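A.B. asks: Predicted coordinates and the sequence they were generated for:
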Amino acid sequence: MSEMSKNFQKAFSITSYDLNLAISLYTKEIDEIDPNNFAAWNNRGYCKVLKAIKTKEVSLLDDAESDFKKAIELAKEYTEDKRFPGAEDNIAWAKKVRDSLGG
């Protein structure tokens, strides 16, 4: 198993109970292993939305939307169909969360 897989798999497995560590591991994946890993960008954004819901920190939603947009940009370059519907859906979700938090 590569270092990338270890970071990614651990981050994915702990998302439900340790958002800070998951965000940190996805960041490590992006910064140190593979900046073109669009799934890591998407999943880090997902964790930031969950953290925003939990902490009511609306500013995290801006960061999350940036991550989702980066995932979409990378998917256009690195996937056959040039789309990443999950990230597109997550942008809409982040906007709904922002509305519900009054941001």
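C.D. replies: It's in.
A.B. asks: What pLDDT is listed against Gly45?
C.D. replies: Gly45 carries a pLDDT value of 97.
A.B. asks: How about Met4?
C.D. replies: pLDDT, Met4: 56.
A.B. asks: now swap in Thr15 and tell me
C.D. replies: 86.
A.B. asks: What of Arg83?
C.D. replies: Per-residue pLDDT puts Arg83 at 71.
A.B. asks: All further residue positions should be reported with the first residue as 458.
C.D. replies: I'll keep to 458 as the first residue from here, and by that count the last item is Arg540.
A.B. asks: burial count for the closest residue to it other than its chain neighbours?
C.D. replies: Excluding its sequence neighbours, the residue lying closest to Arg540 (C-beta to C-beta, 6 or more residues apart in numbering) is Ala532, at 6.2 Å. Every C-beta, even on glycine, is put in place using the N, C-alpha and C of the backbone. Around Ala532 there are 23 other residues, counting by other C-beta atoms under 10 Å.
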